[in-house]
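> Can you look at this prediction? I've put the sequence above it.
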Amino acid sequence: MQNMDQVFLYMKDEMERQAQSEEKAILDEVKKLEEEAYESMKLEAKRDADLRLKQDVEEMTSQAASEISESHIERTKKLIKQRDEYMQSVFAKAKEKLIEFADSQEYLPFVEAKIQKVAHHFQDLETVIYVSKKDLSLKDKIVSAFGSDVRIEVNDEITLGGFIIENKKLSLISDETLDFALENQKEWFNKNSGLIVK
């Protein structure tokens, strides 16, 4: 009987050892599964956080770019307005000076010199010199400066002074008006003033 008890105790010990071994294997497997699940959740959480961070950075970058662009547009508008106001002021003063010049003693010699400079191109009976209404009073002096008989007519588009000389037969025209000169200076000023807004 004692042998039986020993066999029973041996079997009991063996079963406990095997149970403990299986329990350890199960616990190790559970621990391993827990660690894998934790790592997987950690990786997924990191991916989600990275994605959210990337989206936030892209949104912030886009918003910053939009604000910078809007700010640049506003600054450009202000600079263009300021440039235009400056140009208007400069050319308003230039126009005043030209009006003063057209009323001065130097104006008639200026017109006579301009006519003499271009007259040799227009020596024909079909030549017409267009002037402003106020310069019609200079008709005799203009004809004299031209050097031969020429028709003088009023052109209402000439407001500052000077003249337009035209020969339709020869298809020649020369605009020597102060209006045209001022307009050309606006174009020159735009190109050369350094007030280009980018």
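Received, thanks. All of these numbers come straight from a predicted model, not from anything done at the bench.
> which helices and strands sit right next to the worst-scoring helix or strand of the chain on mean pLDDT?
The helix or strand of the chain with the poorest confidence is helix 2-102; it has a mean of 78 (mean pLDDT, DSSP states H and E). For helix 2-102, the elements it packs on are helix 178-192, judged by 3 or more CB pairs under 8 Å, 6 or more residues apart in numbering; DSSP states H and E. (Each C-beta comes from the backbone N, C-alpha and C, glycine too.)
> Helix 2-102 and the helix it packs on, what's the angle between them?
150 degrees (axes from the mean of the first three to the mean of the last three CA atoms, to 10 degrees).
> what secondary structure does Ile173 sit in?
Three-state call for Ile173 (DSSP: H, G, I helix; E, B strand; the rest coil): strand.
> Contacts only, for it.
With contacts defined as CB atoms under 8 Å, 6 or more residues apart in numbering, Ile173 is in contact with 164-167.
> Return the set of residues that bridge with it.
Under DSSP bridges, the beta-bridge partners of Ile173 are Glu166.
> can you tell me how far it sits from Ser69?
Look at Ile173 and Ser69: by CB to CB, to the nearest Å, they are 48 Å apart.
> still on that earlier bit, adding neighbour count, distance to Val131 and pLDDT, write the contacts of Ile173 out as CSV.
Formatted as CSV, those follow (neighbours: other CB atoms under 10 Å; distance: CB to CB, whole Å; pLDDT from 0 to 100):
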residue, neighbour count, distance to Val131, pLDDT
Ile164, 19, 8, 94
Ile165, 23, 10, 94
Glu166, 21, 12, 92
Asn167, 18, 16, 88
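> So which of these is the closest to Thr177?
If you rank the contacts of Ile173 by distance to Thr177 using CB to CB, Ile164 comes first, at 6.1 Å.
> For the closest one, which non-adjacent residue is spatially closest?
Tyr130 (4.3 Å; CB to CB, 6 or more residues apart in numbering).
> which residues are in contact with the host helix or strand of the one you found?
In the assignment (DSSP states H and E), Tyr130 maps to strand 127-131. Counting by CB under 8 Å, 6+ apart, strand 127-131 makes contact with 115, 138-139, 142, 146, 150-155, 158, 162-168, all of which sit outside it.
> Pairing partners for that strand, with directions?
The pairing partners recorded for strand 127-131 under DSSP bridges are strand 151-154 (parallel), strand 164-167 (antiparallel).
> Of all these, which one is nearest His121?
The nearest among the strands paired with strand 127-131, by CB to CB, is strand 164-167 at 8.2 Å.
> ok, back up a step: list the buried residues in the strand holding Tyr130.
Using 16 or more other CB atoms under 10 Å as the burial criterion, the residues of strand 127-131 that qualify are 127-131.
> Looking at those residues, which is nearest Glu29?
Among these, and counting by CB to CB, the member closest to Glu29 is Tyr130, at 107.8 Å.
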